[in-house]
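> Pasted the sequence and its predicted model underneath.
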Amino acid sequence: MHFLAFEGLDGAGKSTLIHGLQRELEAQGQANVMTREPGGSALGDEVRELLLRVQDDAPVPRAEALLYQAVRAQHVERLIKPALAARKWVLCDRFAASSVAFQSGGREINEDEIHWLNGFSTRGLQPDLYVLLDLPVDESLKRLSGRAQDPDRFERENREFHERVRTAYLRQAQAGGERWLVLSALETPVRLQELLLSELKKRKWLN
Ligand code: TYD
């Protein structure tokens, strides 16, 4: 059992990859839970609504940063730690690295402060592996414009914002060594699945 977090710009294809891995884990009889941030608990789902809303009283950057952390603390204690204790794989759509990418990179809050907050809410728990689906900003914007639903607060941000988010992801991956796997989100879903499975096999986490 291992804790994997999937990261990337919106539209990178995280959910398709997570679902593909989940099918493989099921086929191998490996217990797992699939979860996401913001979310992963009833409290998380409610706060998610506050975070993504576009109305007048949308959270200011520092309120936003703290709301993500509150959701994360709840998620770690109530879902992630119990699942790992029960020897289940945890596949998480976004985790602490999203706060560094979006609140520090995107919103330009001091990075050390976000790292400190991440440590506080997770009590130091980190994924065994971060899978970054790296996507050029142009392609992310193109994929998002093809989606039917209303854009949320992040999807409405300008290109520079998304460039800073992408850069902050790549910097974390570079500094993170073995804990990070960077895949090009321009690959086909089938190829991405193959690349991920072969990495997990290489690490002897999967047969
Ligand atoms: P997500 O659930 O990926 O949105 P969608 O369902 O539209 O794919 O996440 C919503 C947004 O929250 C996403 O744009 C990134 C942002 N986010 C942060 O800014 N900080 C964080 O710590 C997390 C977990 C997410």
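Everything's here; your move. Numbers count the residues shown, from 1 in each chain.
> For the ligand, give me its nearest residue in the chain.
When scored by Cβ to the nearest ligand atom, the chain has Phe102 as its residue closest to the ligand, at 3.0 Å. Heads up, the C-betas are built off the backbone N, CA and C, glycines and all.
> Just the pLDDT at that residue, thanks.
Here, the pLDDT recorded for Phe102 equals 98.
> which residues does it contact?
Counting by Cβ atoms under 8 Å, 6 or more residues apart in numbering, Phe102 touches Phe154, Val165.
> roughly how far apart are it and Asn207?
36 Å (Cβ to Cβ, to the nearest Å).
> what's the answer for Asp112, then?
41 Å.
> helix/strand/coil for Arg147?
Here Arg147 is recorded as coil under DSSP: H, G, I helix; E, B strand; the rest coil.
> hmm, I was thinking of Glu194
Glu194 - assigned by three-state DSSP - is helix.
> Count the neighbours of it for me.
By the measure other Cβ atoms under 10 Å, the count of residues near Glu194 is 13.
> And for the one 10 residues further on?
With neighbours defined by other Cβ under 10 Å, the count for Lys204 comes to 7.
> Which residues belonging to stretch 28-39 are considered buried?
When burial is assessed from 16 or more other Cβ atoms under 10 Å, stretch 28-39 yields the following buried residues: Gln30, Asn32, Val33, Met34, Thr35, Arg36, Glu37, Pro38, Gly39.
> Tell me the spacing between the residue of the chain closest to the ligand and Ser198.
Distance of Phe102 to Ser198, given as Cβ to Cβ: 30 Å.
> buried ones in the helix or strand bottoming out on mean pLDDT in the chain?
For the chain, using mean pLDDT, DSSP states H and E, the weakest element among its helices and strands is helix 42-52, scoring a mean of 90. Across helix 42-52, burial judged by 16+ other Cβ under 10 Å covers Leu43, Gly44, Val47, Arg48, Leu50, Leu51, Leu52.
> cool, and stretch 116-127?
For stretch 116-127, burial by neighbour count (16+ other Cβ under 10 Å) applies to Leu117, Asn118, Ser121, Thr122, Leu125, Gln126, Pro127.
> how about the strands in the protein?
3-8, 32-36, 89-93, 129-134, 180-184 (DSSP state E).
> thought Leu84 was touching Ala31?
No. Contact criterion Cβ atoms under 8 Å: Leu84 and Ala31 do not qualify, at 10.9 Å.
> got any residues that touch both of these two?
The contact sets of Leu84 and Ala31 overlap at Met1 (Cβ under 8 Å, 6+ apart).
> And the pLDDT at the residue most central in space within the chain?
Closest to where the C-alpha atoms of the chain average out (Cα atoms, centre = their mean) is Arg94, at 1.5 Å. In the predicted model, Arg94 carries a pLDDT score of 98.
> same question, Leu206
We note a pLDDT of 96 for Leu206 in this prediction.
> and it, what does it touch?
By Cβ under 8 Å, 6+ apart, the neighbours of Leu206 are Glu24, Leu25, Gln28, Gln30, Leu197, Leu200.
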